[in-house]
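**Q** No sequence on hand, only this structure:
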């Protein structure tokens, strides 16, 4: 049974054995955040996990549905993990993927609206404002194919070619297999995103392979396939889940429906703020978080 | 097993027998809309169905996720059903319940924003504008207790006492038991709404009993309890669903999470428009729908 | 020449003499805020100023167009001034007037969305949450006549009759005579608001006279009549402004147009936050501002 | 005195003489729309008018503040004028300039959200959907420099290089000199836009010169400089306006403030819809307007 999930952490749960050649896991807790790093080191691991060779870092945080201060260590841990995956200096381009008029898909665009863009600020100006040194950051919201008529990857490639960043960060909403991950998990990976990889559509891949620079994808699961819920439950009862799902004739429509938590507006607002502030903090190490917040909000 | 549903149609599915004393069902199709009328005629029926004595009309319409013209007969059928439940003349007050900043809960407030309010338009003015005769309609958005500190029922009672309408229409988002009902069903009932009825909290009931005038509740299911999905599936496989759910210790969180379709923004926009136009059309029978739309949009 | 202004401060500027019987002015600076208190003590003063007998307090603050921390003393000064006008204890009802879909008119509704409503929180619950003692506060957004069919004053009277507050705070956007006041001034008054007073429409007055409890109106000017701008300029050049305006045949349309700053979205967001936090802080003197902000945002 | 206006129509009003070598004007009325075409034919005309050589078409329409059906001929006239300025076939790229979080500046982004993007729809698919033939259209929202760190012109050039359109349409909010033009006028020009032309900043020019393809700019005035209002009035009274403005020391702040009508939300919504539907209708001549509206809304 192959349920859709964009999380390496959930893919790993599917592995028959804990010890797989080519898959290394590490789990630690820092500042209240559980950080799990899964490294896929070879093609055997990639095949077993169903994810390309590379690093997958998962941060498990206080659920975004809950009213809690984001400055509880989460932003700092995210900034630290981002810095491990990015070059030490040079212009960074951030791209917020997704459709801003569909709430659970609006994570990327919302995030860019809170980005501290600095590429256009001349060194002299920054100095005179007492802001020096600023690392150059640029941000774009490419929109979605159905609204623009242009592949997201085409727009990103075009802009990257023009402004020549040293690295790209793409932010996008993800699908998870479990409801309990929605709005509680942040995934970072250096493998980029390949929305079409499963269907052989390489045209849409956004990765270091296609762009020639490091690409870090950051995401938060905001939707889950309605059927995965049922499947997990079935399995937990000892039933033959796969067989059961086959019988699902009359529930066919439900199986295809993607669902999202009732509190999705809150989840998107807070997840976007966490990621934006994590990026801002990683980029401008010498600025205090309060000063960054005062500028972008 | 007692899953939460606000739909009489789904309650009826739970009945052990098709023939229950005190519950009468009728099903017909009009202008492409399947209209099911369930009438609870006595206390035995009320107990069996778990719903007060009264009428429950369900319209099954083209899913709101789909891009379809609302003027396909739906508005007219809704207007006709509303008229059957309301007095022929006199001021009607409409109240849009729910929290407008939580998308799946924003149905009521969105609906009122598209209402054609006319109570303040003097007869002479209407006549001079060529709008005569206008039936007086007023609308309020009472907000939610957590934001206002005032029970929804308190605000409605207060305003009703002041403006003395002949009937009240309350619009609210509903919970359904099945994903497949989300955004595809409109329920009307003359029993009002009793959010707290299950927990003995009569203070919050909004009905003809508490207000002394006919109260028609109109709703669209926009959320479903994550666990009901699983339960239905379990049952369909012949498993002992109730027992299975008991084991659900680690999924406890998922069980409590209310989910909503990914396309909830679209669902709310269109459902609110359908209900508002249904009310507007029912109230102003002599105005063409296009003219109403031109005024309120 | 009688230009529209809702600010007593601007009315006073029109007085032929600085010393008018029945009008007392006081000016002081506290925590970076210029506080001007104009007291109209008798009918002579009321006639001269064109404002009812009562107190008018104006806070001149950093323009809301500018990106500045609201916690610079403004919230505290506003809270202090509010407390002088309100009873020391008892439930307070706040009403956010205006149309939330017209940006410059959305001050009131936006403000209520940031209000800390507490009337529904039982003493025992508050205590167990460590929040005790909470002063009861309730908030409503009555909407506008054209959308609801009900006078704002009718809704407020109805709700006040139901929940029996000891005082009412009404928040509304104001008109000023000078562009330079837009988004830079907060006015408080204990005379309530009388939108229709100039046109003899007492039905719409919201004041201690009509409600029987203290009514404090808080507002920020967000619009200015296009013609006042021109008039002021004309006068400053020594031209006969009144005569000049008479000639304005072809600019008739411009004269009637109300204008607002280009940055009105920012102005409304920040002004609403300042007023809401001022009220929250005045009501819950024992809670830290950070804690209030964490709850309402 | 050099007041800011982006309208050629207003520049022409400043000309000392009606007959200027290099400036040709034509005025006609079609379907209720007054269409004025100003053609600048040589450098003398460009100097006199303060606008580059090219065509400037102004449509005077029913004010967008008024609740009127857009399908009153306006969309059709706009489509016809667009077609005169664009190649008969080939991919067209539309770019919506401006900041979507500042209401009077959000015209461009709002417009793109209503664009019928078709570039990604394969011929075969369109045929099977009965949509054939579709002219390829793509749309982007480049954002603003302060939020993205990238010049609008850089993003447009990059995307144009990638997708090779035969022409570009840029949509942007404009400044006018008169309040009475706000929300009542649509300007089209084949000269592109040169935000920095006055300050010698050619880097930001978006025109056929910089892109090598026809560039049509479409705009609606949404803001006016506060001082222009005063100036016009002064002049109309026979006062020495220039001198008067010099004295304006204490009104300095007002002079710099850009103002917008109180009803700016309505103006932006309707102007964006008019322009989007004009473009959609011009591009897909064989589709009925109702069908286009049903798809994009």
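**A** Looks like it came in fine. Being a predicted model, the structure only gives us computed values, none of them experimental.
**Q** residues from the stretch 51-200 of chain A in reach of chain D?
**A** Contact residues, the stretch 51-200 of chain A versus chain D (C-beta under 8 Å from any C-beta of the partner chain): A:101, A:112-113, A:115, A:117-121, A:136-143, A:145-151, A:154-155, A:157-159, A:161-163. (Glycine included, C-beta is placed from N, CA and C.)
**Q** Let's see that with 6 Å instead.
**A** Within the stretch 51-200 of chain A, the residues that sit near chain D (C-beta under 6 Å from any C-beta of the partner chain) are A:117, A:119-120, A:138-139, A:145, A:147-150, A:154, A:158-159, A:162.
**Q** so of the residues you listed, which ones are in helices?
**A** Among these, DSSP state H puts A:145, A:147, A:148, A:154, A:158, A:159, A:162 in helices.
**Q** And for the second one, the neighbour number?
**A** Right, the one you point to is residue A:147. 22 (other C-beta atoms under 10 Å in any protein chain shown).
**Q** contacting residues for it?
**A** residue D:117 (C-beta atoms under 6 Å, 6 or more residues apart in numbering or on different chains).
**Q** Can you get me a residue count around residue A:112?
**A** Residue A:112 has 26 nearby residues by other C-beta under 10 Å.
**Q** just checking, it touches residue A:96?
**A** Yes: counting by C-beta atoms under 6 Å, residue A:96 is a contact partner of residue A:112 at 3.7 Å.
**Q** and the one residue sitting closest to the centre of chain A, bridged to which residues?
**A** Geometric centre of chain A, nearest residue: residue A:219, 1.5 Å, by C-alpha atoms, centre = their mean. Here residue A:219 sits in beta bridges with residue A:172, residue A:187, as judged by DSSP bridges.
**Q** so what sits against both of residue A:112 and residue A:96?
**A** In contact with both residue A:112 and residue A:96: residue A:141, using C-beta under 6 Å, 6+ apart.
**Q** quick check: mean pLDDT across the helix or strand hosting residue A:79?
**A** Per DSSP states H and E: residue A:79 is located in helix A:74-85. Averaged over helix A:74-85, pLDDT sits at 97.
**Q** How far does it sit from its chain's centre?
**A** 13 Å (C-alpha atoms, centre = their mean, to the nearest Å).
**Q** which helices and strands does it pack with?
**A** Packing partners of helix A:74-85 (3 or more C-beta pairs under 6 Å, 6 or more residues apart in numbering or on different chains; DSSP states H and E): helix A:264-283.
**Q** Give me the contact list for the helix it packs on.
**A** A:64-65, A:70, A:74-75, A:78-79, A:82-83, A:103-104, A:106-107, A:110-111, A:114-116, A:135, A:137, A:171, A:183, A:218, A:220, A:289, A:292, B:102-103.
**Q** Next: stretch A:73-91.
**A** Counting by C-beta under 6 Å, 6+ apart, A:30-33, A:57, A:61, A:119, A:136, A:165-167, A:188, A:190, A:216, A:274, A:277-278, A:281-282 sit against stretch A:73-91.
**Q** Now restrict the residues you listed to buried residues only.
**A** Buried members of the contacts of stretch A:73-91, counted by 16 or more other C-beta atoms under 10 Å in any protein chain shown: A:33, A:57, A:61, A:119, A:136, A:165, A:167, A:188, A:190, A:216, A:274, A:277-278, A:281-282.
**Q** just the residues you listed now: which is nearest residue D:39?
**A** residue A:119 (39.6 Å; C-beta to C-beta).
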